[in-house]
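>>> need coordinates for the following:
(one chain, ligands or ions: 1)
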Amino acid sequence: MAIRLGPNQYGKAEVRLVTVTRTGAVHHLKDLTVSTALRGDLAKTHLTGDNSDVVATDTQKNTVYAFAKESPVGEIEDFALRLGRHFVREFAQITGARVTIDEHGWERITVGGRPHDHAFSRAGEEKRTTVVTVENDRHWVVSGLRDLVVLKSAGSEFHGFPRDRYTTLAETHDRILATAVTARWRYQGRDVDWHKSFAEIRRILLETFATKHSLSLQQTLYAMGEAVLAERAEVAEIRLSMPNKHHFAVDLGPFGLTNDNEVFHAADRPYGLIEGTVLRDDAQDPGPAWE
Ligand SMILES: O=c1[nH]c(=O)c2[nH]c(=O)[nH]c2[nH]1
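Residues are numbered from 1 along each chain as shown. So this is what the prediction gives:
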């Protein structure tokens, strides 16, 4: 029986990096979780324990911190590209690098109606994300967001689904629709304004969720993806994952009360999980972007 080493990669996962940039008295925060993963001919360490090709994961972590000092972190896509290119250029045995960054938001605390210079509050659970893959002189960028929690209390229906002997769900023409959006989009072309693109895509996702009358979360998912592709030429493909955060109207009958869609039980589990990709017909080959 022949046994061999298959695909492999290694790196430092979830390096927590916070930077403070000072412009006079005003401080600016960046709060990132950075993961690096290197690929290449790493057979020796796996087969014999010879580590002469292994760029230690500790070195990878140190590189993240040193790069944050050497020049401004900037947009997460640019920082990931700098790191990925460094590992591929610096070490001949490393042919590919994957850098994954989550950005955690902070907002200035308002004191007496004015934003404070150096005191912040966490902006919530939502994260901005990027995954950059570098191979030789090529790269692929997949950016996105996670845990964008949204709810609409009207404009959502769900009916017309098949009924069998296990079906108990009532048809509804008026329900709460709530989800936590995970969106990842693959960029095409060059010279993307990462900051503006992110802000616009987030706006489009939110506006479409709010305004699209929903007959299913699947329909809402497609509409959100379609709107992003229609407005943002730099996006080749978008993948959405949206848990259906069910809100069940509570039966108040036992208490002699009616419930006109005012009192709900917010269930956390189980939840429907609706996922899908929306893409252009003529999208270029995604290469290793999603792998
Ligand atoms: O928008 C929905 N899609 C479904 O597939 C589904 N299934 C379900 O029980 N409720 C819902 N809602």
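>>> drop to CA atoms for contacts and neighbour counts, all remaining ones
Will do.
>>> now residue 218. Nearest residue, chain neighbours left out?
Among residues not flanking residue 218 along the chain, residue 274 sits closest, at 6.4 Å (C-alpha to C-alpha, 6 or more residues apart in numbering).
>>> what comes into contact with the one helix or strand the one you found maps to?
Per DSSP states H and E, residue 274 falls inside strand 272-279. Contact with strand 272-279 is made by 217-218, 221-222, 225-226, 229, 236-245, as judged by C-alpha atoms under 8 Å, 6 or more residues apart in numbering.
>>> so which of those residues sit within strands?
Residues of the contacts of strand 272-279 located in strands (DSSP state E): 236, 237, 238, 239, 240, 241, 242, 243, 244.
>>> list the contacts for the last one?
Okay, so that is residue 244. With contact taken as C-alpha under 8 Å, 6+ apart, residue 244 is in contact with 177, 178, 179, 217, 271, 272, 273, 274.
>>> looking at the stretch 51-200 of the chain, which residue is nearest the ligand?
Nearest residue of the stretch 51-200 of the chain to the ligand: residue 158, at 5.9 Å (C-alpha to the nearest ligand atom).
>>> what's the closest of the ones in strands among the contacts of strand 272-279 to the ligand?
The shortest approach to the ligand among the ones in strands among the contacts of strand 272-279 belongs to residue 244, at 6.9 Å (C-alpha to the nearest ligand atom).
>>> what's the neighbour count on the nearest residue to the closest one once chain neighbours are set aside?
Leaving aside its chain neighbours, residue 244 sits nearest to residue 272 (4.9 Å; criterion: C-alpha to C-alpha, 6+ apart). When neighbours are counted by other C-alpha atoms under 10 Å, residue 272 registers 13.
>>> look up how far residue 157 lies from residue 272.
15 Å (C-alpha to C-alpha, to the nearest Å).
>>> next: residue 176.
For residue 176, the distance to residue 157 - C-alpha to C-alpha - is 9 Å.
>>> ok, which stretches of the stretch 1-150 of the chain are helices?
Counting by DSSP state H, counting those that start in this stretch, the stretch 1-150 of the chain has helices at residues 43-48, 57-70, 76-90.
>>> list the buried ones in the shortest one?
Okay, so that is helix 43-48. Neighbour-count burial for helix 43-48 flags residue 43 (criterion: 16 or more other C-alpha atoms under 10 Å).
>>> try stretch 182-200
Within stretch 182-200, the residues that qualify as buried are 182, 183, 184, 185, 186, 187, 188, 197, 198, counting by 16+ other C-alpha under 10 Å.
>>> from these, list the ones also adjacent to the ligand.
Among these, no residue lies close to the ligand (C-alpha under 6 Å from any ligand atom).
>>> from these, which is closest to residue 117?
Distance to residue 117, by C-alpha to C-alpha, is smallest for residue 198 among the buried residues of stretch 182-200, at 25.3 Å.
>>> circling back to that earlier point, for the helices of the stretch 1-150 of the chain, give me TSV that also has mean pLDDT and distance to the ligand.
Formatted as TSV, those follow (pLDDT from 0 to 100; distance: least, C-alpha to the nearest ligand atom, whole Å):
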stretch	mean pLDDT	distance to the ligand
helix 43-48	98	45
helix 57-70	98	42
helix 76-90	98	33
